[in-house]
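give the three-dimensional model of this entry:
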Amino acid sequence: MTGRAGEVFETSRAVSDIESLLAADLPTGGLPVSEGDPVTGEWTGTRGEGFRIVPLWESEALTGVYGAGWNQAEDAAEANLALVAAELDRRWGAHRKVSMRVPLFRDQAGEPMPALFQSLCDLDCYGDLTIWGPTVTEGRWIAISVNQSDGDAPMIMTVVVSQLPIIELTD
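Numbering: from 1, shown residues only. Next up, the predicted model:
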């Protein structure tokens, strides 16, 4: 699924990756483009005007995992997200939440939305966003989330770095 398959989760590595993305140049134009590992083709990131979306971590595939085992995998993914959020809260203050409910419904209805939200939907990244911003780094916004694209797919933690505010879409 992503270029992070098989990596063990480490809070310090995830935070370091976020800091690197925060300091990197963001695209100043063009349509969103997803990028993949040249050997495996697995997703390594998406870039669009003023934003980047990158996987931070991927769990094991959940093929054949049900009930208590699936709940444990989901709880572990949420715990990983909470560890990263706690560290970022220490650095930047309390986070806010942005629901992906409206983008999900707009996507299903084929309605237009900002490129960042459309890109998240195109990647099946429907997990609610944990947001900080604007940060002291050029006023950029950071969002992290965890989601799963279908019942057998792994849990994926993603990060968004955006030059534009990441705010909840209205109905």
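
can you list the weak-confidence ranges in the protein?
Within the chain, no range satisfies pLDDT under 70.

please repeat the previous calculation with a cut-off of 80.
1, 150-151 (pLDDT under 80).

tell me the centre residue of the chain?
Centroid check for the chain by C-alpha atoms, centre = their mean gives Thr158 as the closest residue, at 2.5 Å.

part of a strand, is it?
Yes. Under DSSP: H, G, I helix; E, B strand; the rest coil, Thr158 falls within a strand.

now for it: which residues touch it?
53-56, 120, 123, 125, 127, 144-147 (C-beta atoms under 8 Å, 6 or more residues apart in numbering). Any C-beta I mention is one placed from the backbone N, CA and C, and that applies to glycine too.

of the residues you listed, which belong to strands?
With strands taken from DSSP state E, the overlap with the contacts of Thr158 comprises 53-56, 144-147.

pull the longest helix from this structure.
Residue-count comparison of every helix in the chain, with assignments taken from DSSP state H, identifies helix 67-92 as the longest.
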